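**Q** task: produce atomic coordinates for the following.
(one chain, ligands or ions: 1)
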Amino acid sequence: MITKEKIKSNDNSTEKNIATPFAGRYSTAVIPRMEIPTKGVAAKIAYRVIHDQLLLDGRPDLNLSSFVTTWMEPEAEQLIQENLNKNFIDHFQYPQTQIIEGRCVNILAKLFHAPEENNYAGTSTIGSSEAIMLGLLAHKWKWKKHREQQGKSTTNPNIIFGAEAHVCVNKFAKYFDVEPRIVPMSQNDYVLRAEEISKYIDENTICVALIVGTTYTGQVDPIGEVNDLLVKLNKENGWDIGIHIDGASGAFVMCFAFPDIKWDFRYERVRSINTSGHKYGLVYPGIGWLIFRDIEDLASEIIFHVNYLGQTENSYTLNFSKPASGVIAQYYNFIRLGSEGYKSIMESILENAQYLSKQITASGKFKLLEAKTILPIVTFQLVKDEGFTIFDVSYKMKEKGWIISAYNLPPHAENVYMLRVVVRENFTHLSANIFMKDLLEVYEALSKENKTMIGNPHMDKTKSSANAC
Ligand SMILES: Cc1ncc(COP(=O)(O)O)c(C=O)c1O
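**A** Sure thing, here's the model as predicted:
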């Protein structure tokens, strides 16, 4: 969402037109900044002007803040290019694409251990956010139907999730009129505990949303404990409350690096799982997945049947049109890598995350956040207060090209501040070595800067916060 005011302040220039690059060597055409030009320009010029402007963006491969894939093989890029112009939803015209989506859903359902005897189901989405909205909506409808069958009110649904949940879970609650029951974090525990859930749950709870790989710390909610609690409460009260797993970042890692750890449909109460193909599914942005344990978990009323594309299609999506390329690229990875290939990549990413973690600890200047995670997310803090903050560190690392997140945790743990590195496939030992060298240089520079500031009564030091480490 962007307002007129924001557009103006972002695109902060008094010039009416976009400056012609390279002193007019390519063109002297006038391109207005804020209006569509009356006459277009040659393709080469349009390309050059936009390409040069985008050079001022950060470098995706140095963006350690993002979970999203920044590199794919040329053959995958070729397939993406070839399929960008196919509208995925048009199954009648592009039946092969739909067949490939089906294979991907089947592969994921099996990886997530959907019981073979079940009629499992699933869909591709544009990312995990769409998948989460659809998954939770299915829980809402399932709850509604169950209540109707019992002749009970359906007016006050609620959903339970931890404060560590991604914003899209909260968005779901707002957009789809469900009361969010957010379990706060505690000072040194950042996942959703079963005993806490007991305090929030009642007959109007549509489901509990749990996370495999939280955005804040990369930790995994205790799915087994919550499953057991729900089995017990459902039995005692005649409820049918299930679990939705947000495996946006963690599902692919778990499947291949830790196949023996249970987190998925092996727990009976887990009814739906989402993941982002564009995170550790190793595909460029624009692909997510939602898998249901059984089609019974998805009320038939919310599946739409449309006939304007040449045949009747079943549609359970929030958006309609999208390029087919995401689905194709996911399938490319499945057959290109196989489970052995994925396993080897996940293990290598985890090893690189371990390597970086060790170096951070060895530096003596930074320490790892005491939050055990098995995912390749490295969160760390300043060891002591040197008069600058993690935000200063993050800001100064940007000068060296690195993008790292700096933030504090949600309420009840809001005085816990951290930096976060998401280790992806392209981050090697060499990257870790250079990153550490830069991090320590930044640390020294900030310490010196701060000493200069302390010695200079005219400098404002209020920007730094003692807590912010
Ligand atoms: C735990 C979690 N859930 C959901 C999302 C949203 O995923 P997407 O960007 O694929 O919509 C993210 C994004 O980072 C996430 O970390």
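**Q** strands of the stretch 351-469 of the chain, start to end?
**A** Assigned strands in the stretch 351-469 of the chain, in chain order: 366-368, 377-382, 405-408, 417-422 (criterion: DSSP state E, counting those that start in this stretch).
**Q** equivalent analysis for the stretch 151-300 of the chain, please.
**A** Counting by DSSP E, counting those that start in this stretch, the strands of the stretch 151-300 of the chain are 158-162, 179-183, 205-211, 242-246, 270-276, 288-292.
**Q** all helices of the stretch 201-350 of the chain, in order?
**A** Counting by DSSP state H, counting those that start in this stretch, one finds helices in the stretch 201-350 of the chain at the ranges 223-237, 251-257, 325-363.
**Q** before we move on, what about the stretch 1-150 of the chain?
**A** 4-10, 43-54, 74-83, 95-111, 128-149.
**Q** gap between the closest residue to the ligand within the stretch 351-469 of the chain and residue 343?
**A** At 8.9 Å from the ligand, residue 422 is the closest residue in the stretch 351-469 of the chain, using Cβ to the nearest ligand atom. In this view, the C-beta of every residue, glycine as well, is placed from N, C-alpha and C. Using Cβ to Cβ, to the nearest Å, we find residue 422 at a distance of 20 Å from residue 343.
**Q** the two: which has the busier surroundings?
**A** residue 422 (26 against 15; other Cβ atoms under 10 Å).
**Q** point out the residues in the stretch 251-400 of the chain that sit beside the ligand.
**A** Counting by Cβ under 6 Å from any ligand atom, the positions of the stretch 251-400 of the chain adjacent to the ligand are 276, 288.
**Q** pairing partners for the worst-scoring helix or strand of the chain on mean pLDDT, with directions?
**A** Least confident helix or strand, the chain: strand 313-315 with a mean of 80, by mean pLDDT, DSSP states H and E. Partner strands and pairing direction for strand 313-315 (DSSP bridges) are strand 304-306 (antiparallel).
**Q** tally up the residues packed near residue 397, please.
**A** 21.
**Q** err, residue 391, not the other one
**A** So residue 391, with other Cβ under 10 Å, has 17 neighbours.
**Q** show residues contacting stretch 174-185.
**A** Outside stretch 174-185, the residues that touch it by Cβ atoms under 8 Å, 6 or more residues apart in numbering are 133, 136-137, 140, 156-165, 169-170, 172-173, 192-193, 196-197, 200, 204-206, 409-413.
**Q** hmm, 6 Å instead?
**A** Outside stretch 174-185, the residues that touch it by Cβ atoms under 6 Å, 6 or more residues apart in numbering are 137, 157-160, 162-163, 170, 173, 192, 196, 200, 409-413.
**Q** identify each buried residue in it, please.
**A** When burial is assessed from 16 or more other Cβ atoms under 10 Å, stretch 174-185 yields the following buried residues: 178, 180, 181, 182, 183, 185.
**Q** kindly export it (C-alpha atoms) in PDB.
**A** Output in PDB follows, covering the C-alpha atoms of stretch 174-185 (Å, rounded to 0.1, in the frame of the first residue of the first chain):
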ATOM      1  CA  LYS A 174      -8.600  -9.300  10.700                       C
ATOM      2  CA  TYR A 175      -9.600  -9.900   7.100                       C
ATOM      3  CA  PHE A 176     -11.700 -12.900   7.800                       C
ATOM      4  CA  ASP A 177     -13.300 -11.700  11.100                       C
ATOM      5  CA  VAL A 178     -11.900 -14.200  13.500                       C
ATOM      6  CA  GLU A 179     -10.900 -13.100  17.000                       C
ATOM      7  CA  PRO A 180      -7.100 -13.400  17.300                       C
ATOM      8  CA  ARG A 181      -6.000 -15.000  20.600                       C
ATOM      9  CA  ILE A 182      -2.300 -14.200  20.700                       C
ATOM     10  CA  VAL A 183      -0.300 -15.900  23.300                       C
ATOM     11  CA  PRO A 184       2.500 -13.600  24.300                       C
ATOM     12  CA  MET A 185       6.200 -14.600  24.400                       C
END
